[in-house]
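Peer 1: Structure for this input, please:
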Amino acid sequence: MLPSFVVTGFLGSGKTTFLINSVRRHFEGRRVAIVVNELGEVGVDGKILQGIYSDVMEIAEGCICCSLHAEFQKALSEIKEKFNPEILFVETSGAAEPFPVMLSLQSLGCSVEGVACIVDSKNFLEYKDDPVAKHQIGSSNILILNKIDLVSQDQLKQVEDEVLNVWRQNQLRNYFTGEPLFRSPPRIYRASHGVVPKEVFEGVYPLEELTAIPHHHDHDHSHQRKDIVYIEEEIDYEKLMEILEDLTKKAIRVKGIVRVKDSPYPLIVNYSFGLLDISELNHYSGPSFLITINSGT
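Peer 2: Just a heads-up that it's a prediction; the model follows:
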């Protein structure tokens with residue numbers, strides 16, 4: 001069976017950064033495959049990862065075990081045939097719950113070795129009551145407190161306590177017996193820029209009990225609206241800042257790839273919870289675009 005890990009976490013928590021900075025480091029020289037379940041018609045994370053890994057498949061937004069199961073199966077079959085990977089990582093969208101992904105992986109003959117939830121230590125207390133965030137944490141047996149460089153030790157301790165409390169209240173249980181799916185508490189790691197030790201990927205037991213849990217995924221994602229803004233020409237950096245200032249007045253999340261004048265490479269734009277991060281991206285030849293995620297009514 002192909003060993004696999006599911007990488008989940010709320011919007012802007014740092015899932016792609018984790019894949020770049022930890023998976024690339026600890027699995028160098030091995031055949032690693034990544035499937036990205038993107039948010040929006042145009043994917044950002046998949047394009048970023050394609051500049052680093054040659055074996056990245058991207059599937060559109062949706063429920064991976066229902067409406068997208070066929071596309072997911074197609075992507076996985078193509079990866080197996082072309083690259084014969086030794087290990088598979090699936091990055092969910094920040095608005096998705098990981099359990100359907102886990103279920104699909106098992107049905108496709110993969111061994112789910114672990115579910116890693118990336119937690120934004122800086123902003124977790126702001127989104128901890130979101131139902132999706134609760135399910136993401138409760139469905140994971142690896143909890144990675146990311147962005148610890150942005151909080152104090154007291155704040156980090158508060159976040160860790162809150163995360164564990166959320167996990168206890170929302171952990172997966174066997175539908176028929178009521179027993180917890182995970183036999184022991186989750187492993188907790190602290191990270192800056194998504195960097196974790198190699199032991200995160202070692203010794204995690206398979207989740208064989210998943211077959212006993214029926215599917216109760218909520219398909220209603222109407223509480224969020226996604227819009228895409230295409231930018232046809234290169235723009236000044238100052239103009240980009242003006243666009244972002246306008247978009248972030250309403251958007252809770254902005255991500256995209258934009259070409260600006262006087263920059264040799266396109267820029268990755270990443271905004272969440274009032275924090276803006278911009279970095280360069282090699283090996284991208286597509287159009288400039290920004291995806292905004294707004295809270296619906």
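Peer 1: Quick one: list the elements packing against the helix or strand that contains Leu164.
Peer 2: If you go by DSSP states H and E, Leu164 is part of helix 153-170. For helix 153-170, the packing partners by 3 or more C-beta pairs under 8 Å, 6 or more residues apart in numbering; DSSP states H and E come out as helix 124-127, helix 131-138, strand 142-146, strand 187-190. C-betas here are computed from N, CA, C, even on glycine.
Peer 1: contacting residues around the third one?
Peer 2: Taking contacts as C-beta atoms under 8 Å, 6 or more residues apart in numbering, the residues outside strand 142-146 that touch it are 9, 13-14, 17-18, 114-121, 137, 156, 159-160, 163-164, 167, 186-194, 196, 200, 204.
Peer 1: Could you do the first one as well?
Peer 2: By C-beta under 8 Å, 6+ apart, the list of residues contacting helix 124-127 from outside reads 10-11, 120, 133, 158-159, 162-163, 273.
Peer 1: 10 Å instead?
Peer 2: 10-13, 94, 119-120, 133-134, 137, 145-147, 151, 155, 158-160, 162-163, 166, 252, 272-274 (C-beta atoms under 10 Å, 6 or more residues apart in numbering).
Peer 1: cool, and the last one?
Peer 2: Among residues not part of strand 187-190, those counted as contacts by C-beta under 10 Å, 6+ apart are 22, 114, 116, 119, 121, 140-149, 156, 159-160, 163-164, 167, 195-197, 199-200, 203-204.
Peer 1: For it, list the C-alpha coordinates in CSV.
Peer 2: Provided in CSV are the C-alpha atoms of strand 187-190 (Å, rounded to 0.1, in the frame of the first residue of the first chain):
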residue,chain,number,x,y,z
ARG,A,187,1.6,14.5,19.0
ILE,A,188,2.2,18.3,19.3
TYR,A,189,5.1,20.1,17.6
ARG,A,190,6.1,23.7,17.5
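Peer 1: Okay, buried residues for the longest strand along the chain please.
Peer 2: Ranked by residue count, the top strand of the chain under DSSP state E comes out as strand 110-120. Residues 110, 112-120 are the ones in strand 110-120 that count as buried (16 or more other C-beta atoms under 10 Å).
Peer 1: The closest residue to Ser22 other than its chain neighbours: what's it in contact with?
Peer 2: In space, and not counting its chain neighbours, Ser22 is closest to Val196: 5.0 Å by C-beta to C-beta, 6 or more residues apart in numbering. Listed by C-beta under 10 Å, 6+ apart, the contact partners of Val196 are 18, 21-23, 25-26, 116, 118, 142, 144-146, 189-190.
Peer 1: Could you check how far Val196 is from Pro185?
Peer 2: 17 Å (C-beta to C-beta, to the nearest Å).
Peer 1: how close does Ala33 get to Asn21?
Peer 2: Taking C-beta to C-beta, one finds Ala33 at 18 Å from Asn21.
Peer 1: Those two: which is more packed in?
Peer 2: More crowded of Ala33 and Asn21, by other C-beta atoms under 10 Å: Ala33, with 25 against 17.
Peer 1: how near is the more buried one to Lys82?
Peer 2: From Ala33 to Lys82 the distance is 9 Å (C-beta to C-beta).
Peer 1: got it, and Asp227?
Peer 2: 34 Å.
Peer 1: So for these two, which residue has more residues nearby?
Peer 2: The neighbour count for Asp227 versus Lys82, taken as other C-beta under 10 Å, is higher for Asp227 (15 against 12).
Peer 1: so the more buried one sits right up against Leu247, yeah?
Peer 2: Yes: between Asp227 and Leu247 there is a contact under C-beta atoms under 10 Å: 8.9 Å.
Peer 1: follow-up on the earlier one: quick one: buried ones out of the contacts of strand 142-146?
Peer 2: For the contacts of strand 142-146, buried by 16+ other C-beta under 10 Å: 9, 13-14, 17-18, 114-121, 137, 156, 159-160, 163, 167, 186-187, 189-191, 194, 196, 200, 204.
Peer 1: average pLDDT across the helix or strand hosting Asp227?
Peer 2: Using DSSP H and E, Asp227 sits within strand 224-231. Average pLDDT, strand 224-231: 72.
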